[in-house]
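*Asks:* Structure, please.
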Amino acid sequence: MELPPLPLDRTRPLAGQLADGLRAAAVGGALRVGDRLPSTRALAGVLGVSRTVTAAAYDQLLAEGWVQGRVGAGTFVRAVPPALSPARVAEPARPAAEPGGIDLRPGVPCTQAIDRSAWRRAWRAGAEPEPDLLPVYAGVPAFRTAVAEHLLRHRGLVPAEPGAVVATGGSTGALAEVARVLPRGRVAVEDPGYRRAVDALRAAGLETVPVPVDEHGLRVSDIPPDVVAVYCTPAHQFPLGARLPAERRIALVERARSEGFLVLEDDYDGELRYDVAPLPLLAALGPDVVVHLGTVSKILTPTLGAGWLVAPPAVRAALLTARERTGSRPGVAGQRVFAAFAEAGDLARHLRRLRRELGERRALVVGALPPVRGDQAGAHVVVPLARTDGLRAAAAARGVELDVWPGHGVVLGYAGPTRAELAAALPVVADLVRAAT
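*Replies:* Reported below is the predicted structural model:
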């Protein structure tokens with residue numbers, strides 16, 4: 001078939017531009033469900049680029065679920081992304097373990113990957129500005145600018161307006177703030193899901209309703225009616241590690257619009273993928289109904305106490321009003337450090353180094369243990385086990401801290417320990433898993 005023109009700017013990454021162009025062609029009707037795309041070799045020849053570029057673009061679309069490959073037949077359009085909203089167009093401390101134990105629980109960042117010289121520079125630069133005279137409720141401007149650039153470069157999100165990014169104390173703290181300005185009612189949550197998120201919602205007086213999770217993430221069709229919000233982790237479901245496919249993303253956004261609820265998207269480690277580029281955000285599909293929550297906790301350290309949200313204007317205004325009334329706001333020190341780290345180019349270099357390091361660690365884990373569950377993403381995997389009685393205590397007795405989820409197995413984190421600690425702990429885990437099966 002003949003594709004529409006796909007102009008490429010040679011000063012920017014070509015594969016991402018090509019993927020964007022193919023999505024736009026589907027939205028505009030030039031590509032329809034069932035259409036066969038040119039081969040990567042043929043398209044590379046037409047565009048005058050290497051086959052690596054076209055293959056990477058196709059891999060990204062395959063991962064997102066918009067296209068599918070058929071052995072011996074080619075690549076075909078599987079679904080059409082929803083039309084882009086005009087509002088999206090932009091102007092041109094490690095947890096304590098038992099003494100001496102190796103901590104393999106999830107949620108701990110890989111601080112060993114941080115370049116210490118760059119880290120010290122960021123702290124020095126963060127201390128340069130004069131002290132603030134008054135509270136900054138929406139966040140330090142330099143931090144908000146750095147986050148907007150980060151979201152554009154690493155998550156493909158263009159905030160609807162310059163002020164759309166609001167600083168927070170982290171994704172869970174942001175969720176607690178949003179929960180306090182939601183209408184009273186029921187919030188659908190993933191089951192199994194992030195326990196602290198459930199606690200934050202309940203602490204705000206909301207009722208949580210569990211919705212089952214399967215190998216593809218949240219079962220959108222099982223969301224009950226009359227909820228005020230849906231909390232989910234679509235890029236990398238916690239704890240089971242699935243990514244929400246395209247069809248369910250579209251269905252979730254469409255239900256939110258038709259039924260009038262908000263989607264609370266926790267993108268806690270969305271920057272960390274080891275097979276293709278990080279997947280698009282729900283906030284990119286439905287900026288009018290999605291509250292995007294992000295954090296530096298998994299890519300740097302939770303001790304910075306910094307995160308962000310991008311939300312519809314009404315939610316943003318309600319949250320800022322609540323902050324002004326109570327005098328509460330996130331601390332600025334972590335914001336300034338993150339902004340300096342990003343402005344110097346050290347954040348981009350760190351993310352490349354971090355993805356490489358964690359990808360290699362994941363390969364060590366997969367090679368040492370029985371088949372695990374979870375996408376090639378984040379910093380944890382699930383070791384499925386039907387029987388987990390006594391497993392945590394048995395691991396602790398052998399110097400390893402594990403997070404055991406009855407009915408699911410072990411949720412094993414591999415970012416916190418050193419490489420040597422990880423190598424020492426994996427045989428212990430493998431022994432325990434064999435004994436439990």
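*Asks:* can you pull out the helices in this structure?
*Replies:* 14-27, 40-47, 51-64, 116-126, 141-155, 171-181, 195-203, 246-259, 282-285, 313-326, 333-343, 346-368, 391-397, 419-436 (DSSP state H).
*Asks:* Could you say which of these is packed most deeply?
*Replies:* Across the helices of the chain, the average number of neighbours (mean count of other CB atoms under 10 Å) peaks for helix 282-285, which reaches a mean of 26. In this view, the C-beta of every residue, glycine as well, is placed from N, C-alpha and C.
*Asks:* quick one on the thing from earlier: could the helices of the chain go into JSON lines alongside mean pLDDT?
*Replies:* JSON lines is the format used below for the helices of the chain (pLDDT from 0 to 100):
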{"stretch": "helix 14-27", "mean pLDDT": "81"}
{"stretch": "helix 40-47", "mean pLDDT": "85"}
{"stretch": "helix 51-64", "mean pLDDT": "78"}
{"stretch": "helix 116-126", "mean pLDDT": "96"}
{"stretch": "helix 141-155", "mean pLDDT": "94"}
{"stretch": "helix 171-181", "mean pLDDT": "97"}
{"stretch": "helix 195-203", "mean pLDDT": "96"}
{"stretch": "helix 246-259", "mean pLDDT": "96"}
{"stretch": "helix 282-285", "mean pLDDT": "95"}
{"stretch": "helix 313-326", "mean pLDDT": "96"}
{"stretch": "helix 333-343", "mean pLDDT": "97"}
{"stretch": "helix 346-368", "mean pLDDT": "96"}
{"stretch": "helix 391-397", "mean pLDDT": "95"}
{"stretch": "helix 419-436", "mean pLDDT": "95"}
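*Asks:* Just confirm residue 415 contacts residue 361, I think it does.
*Replies:* Yes - counting by CB atoms under 8 Å, residue 415 touches residue 361, with 7.2 Å between them.
*Asks:* tell me the contacts of residue 311?
*Replies:* By CB atoms under 8 Å, 6 or more residues apart in numbering, the contact set of residue 311 is 164, 166, 178, 290, 291, 292, 319.
*Asks:* what's the closest non-adjacent residue to the third one?
*Replies:* Distances taken as CB to CB, 6 or more residues apart in numbering place residue 291 nearest to residue 178, at 5.8 Å, with adjacent residues excluded.
*Asks:* Show the contacting residues for the one you found.
*Replies:* 178, 262, 263, 264, 265, 283, 309, 310, 311, 312, 315.
*Asks:* hmm, 7 Å instead?
*Replies:* 178, 262, 264, 265, 309, 311, 315 (CB atoms under 7 Å, 6 or more residues apart in numbering).
*Asks:* ok, the first one to residue 273 distance?
*Replies:* Taken as CB to CB, to the nearest Å, the spacing of residue 178 relative to residue 273 amounts to 26 Å.
*Asks:* same question, the second one
*Replies:* When CB to CB is the yardstick, residue 262 and residue 273 sit 26 Å from each other.
*Asks:* Name the residue in those two with the higher neighbour count.
*Replies:* Between residue 262 and residue 273, counting by other CB atoms under 10 Å, residue 262 is the more crowded of the two (24 against 21).
*Asks:* Surely that one touches residue 229?
*Replies:* Yes - counting by CB atoms under 7 Å, residue 229 is a contact partner of residue 262 at 4.5 Å.
*Asks:* picking up where we left off before, bridging residues for the residue nearest to residue 178?
*Replies:* Here residue 291 sits in beta bridges with residue 264, going by DSSP bridges.
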